[in-house]
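1. any chance you could fold what I've pasted below:
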Amino acid sequence: MGVRRMGSKKVWIVGARDTCDIVVDQPTVSGEHCRLEFDEGRVFIEDLQSTNGTFVNGERIYKRKQIHPDALVTLGKSVTLPMPSQLSAPTLPPQRPAPPVEASSEEEEGAFPLHLLIGSSVAAAVLLLLVVLGIVLWGGDSEKKTTETTDPEATETNHDVNTSTKKEANGSAQESETAKSKLPAGKPEEAIHVIAVTNADQSQVFRIGTGVAVGPHTILTSSTVDKVAKLLSEKYPQVVLLSKTPLTIKNIAPHPTYVSAFQEAEQAKAKFDQIYSLVETSDMQELSDELKSKLEDAYRHYMIIAEKPSHYDVAVIQVSESLPFWLPLADSASLLPQERLTLLGHGYDRVAPFYPPNAPLSISTETTRVQKTSGVAGDAANARMVIARFDSPDQTTLHLETNWYGSPLLNSKNEIVALYSRPTPEITLGSPPTGNTFDATVLVDVLSFVRSFTNN
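-> Sure thing, here's the model as predicted:
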């Protein structure tokens with residue numbers, strides 16, 4: 001696992017101060033930003049109340065977590081932290097040599113230098129994506145049923161197929177899709193498919209979300225899942241479906257408004273970054289009232305704009321083979337306060353996304369309740385987003401640790417009403433998400449996009 005390369009030292013402090021074990025000389029990194037711990041081959045990380053957060057595989061952490069040695073760890077806004085397996089032969093930049101280290105009576109095999117400067121350009125896209133998703137810079141009884149699918153087959157596609165044209169999509173819409181009244185018999189769980197990315201030889205399978213079949217050749221997921229797949233494409237170039245039978249992915253199409261809204265969020269982020277570049281301290285309490293007010297206003301404006309992608313967080317996956325079962329789409333959704341919706345999907349631990357070969361894929365159902373909606377019913381230019389909460393206190397507690405991306409929300413007729421988008425963020429700089437609620441895209445308001453691929 002590469003941990004022994006760290007030598008015998010068990011705890012490493014990462015931050016901007018010269019006294020840290022790993023010095024990250026970037027203005028967005030706090031003096032003591034995070035702590036790495038090594039215990040019998042296991043790696044743990046803990047954020048030390050940093051201003052801009054510590055992220056593992058794109059998810060902000062708020063307490064000590066065990067992580068994979070190859071996990072993607074980012075600090076602040078744009079800094080990637082090399083992990084143990086990536087530090088087998090590090091060297092110090094000449095402009096900042098490490099101070100002399102006292103001789104040790106024990107020889108440390110392959111230990112990397114105590115002071116390692118880390119560049120800031122590698123992971124800018126990582127944190128941009130995850131702030132837009134609302135998980136960056138935050139600053140009754142449940143009903144549960146589990147169905148296991150064994151020996152899934154991984155079906156792959158390369159990311160270059162994701163650029164299919166609208167003409168191809170319209171052509172697919174003319175395929176023979178079965179109407180709701182002719183849905184094949186089956187259980188809702190049978191419509192769920194797990195989406196993952198893999199390396200070239202498929203020896204590593206990295207789960208990224210849930211998909212739900214809505215037609216004989218059509219699976220819905222969130223555009224967030226597609227974004228994450230593209231983000232990880234350099235290391236994991238193949239998108240696969242984990243299923244009982246092989247499925248060949250023809251193309252993946254995100255909602256065009258999600259794509260454009262994401263670009264708008266990039267512009268808002270640039271304005272926030274421009275103001276943030278004036279900050280010379282990692283302690284918000286040391287800022288002048290004027291600068292602090294400008295920073296908070298810019299961040300609030302940014303987060304409001306960054307909400308729009310969650311109103312259109314849907315993507316279509318088309319497969320060549322015929323799917324054995326799919327779920328109907330709801331034609332209407334009132335979404336009244338406290339209305340009951342069932343979340344159906346493969347919820348897995350965000351910190352442990354790797355899928356062991358031939359392991360069972362559990363499909364869970366969780367009862368949720370509508371809190372409120374944002375947007376206008378039936379208005380494609382201002383589609384609704386529903387904010388909901390889990391009925392179970394246990395699921396609320398586990399929410400921030402569980403990946404539900406792309407999971408469908410069903411009404412009492414087992415019709416798909418919405419797709420899970422993200423944990424609801426706070427719009428106040430420095431306020432972490434509580435996990436009490438989540439945002440979901442209302443499919444009724446984006447049916448024109450979905451039905452360009454299926455007659456469901």
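2. just the CA atoms of stretch 266-280, as CSV, please.
-> Listed next in CSV are the C-alpha coordinates belonging to stretch 266-280 (Å, rounded to 0.1, in the frame of the first residue of the first chain):
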residue,chain,number,x,y,z
GLU,A,266,-17.2,29.1,-13.4
GLN,A,267,-17.5,32.8,-14.1
ALA,A,268,-19.0,33.4,-10.7
LYS,A,269,-16.2,31.4,-9.1
ALA,A,270,-13.6,33.6,-11.0
LYS,A,271,-15.1,36.7,-9.4
PHE,A,272,-15.0,35.1,-6.0
ASP,A,273,-11.4,34.0,-6.5
GLN,A,274,-10.4,37.5,-7.6
ILE,A,275,-11.6,38.9,-4.2
TYR,A,276,-10.1,35.9,-2.4
SER,A,277,-6.7,36.6,-3.9
LEU,A,278,-6.6,39.8,-1.8
VAL,A,279,-6.7,37.6,1.4
GLU,A,280,-3.3,37.4,3.0
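3. give me the buried positions along that stretch.
-> For stretch 266-280, burial by neighbour count (16 or more other Cβ atoms under 10 Å) applies to 266, 268-269, 272-273, 276, 279. C-betas here are computed from N, CA, C, even on glycine.
4. so how far is it off the chain centroid?
-> Computed by Cα atoms, centre = their mean, to the nearest Å, the chain-centroid distance of stretch 266-280 equals 23 Å.
5. try stretch 204-221
-> Remark: stretch 204-221 is offset 15 Å from the chain centroid, using Cα atoms, centre = their mean.
6. so Pro324 sits against Lys187, correct?
-> No. Counting by Cβ atoms under 8 Å, Pro324 does not reach Lys187; the two are 11.1 Å apart.
7. which of the two has more neighbours?
-> Comparing Pro324 with Lys187 by other Cβ atoms under 10 Å, the one with more neighbours is Pro324, at 15 against 12.
8. how close does the more buried one get to Ile304?
-> 43 Å (Cβ to Cβ, to the nearest Å).
9. one more: Lys230?
-> 25 Å.
10. try Glu59
-> The gap separating Glu59 from Ile304 is 22 Å, by Cβ to Cβ.
11. looking at the two, which one has more neighbours?
-> Per other Cβ under 10 Å, whichever of Glu59 and Ile304 has more neighbours is Glu59, with 20 against 12.
12. my read: the more buried one touches Arg350, true?
-> Yes. Glu59 lies in contact with Arg350 (Cβ under 8 Å); the separation is 4.8 Å.
13. who touches both of the two?
-> Leu400 (Cβ atoms under 8 Å, 6 or more residues apart in numbering).
14. three-state assignment of the nearest residue to Gln49 once chain neighbours are set aside?
-> Leaving aside its sequence neighbours, Gln49 sits nearest to Ser30 (Cβ to Cβ, 6 or more residues apart in numbering; 7.9 Å). Under DSSP: H, G, I helix; E, B strand; the rest coil, the three-state class of Ser30 is coil.
15. how close does the closest residue to Lys308 other than its chain neighbours sit to Met303?
-> Leaving aside its sequence neighbours, Lys308 sits nearest to Ala261 (Cβ to Cβ, 6+ apart; 4.0 Å). Distance from Ala261 to Met303, counting by Cβ to Cβ: 13 Å.
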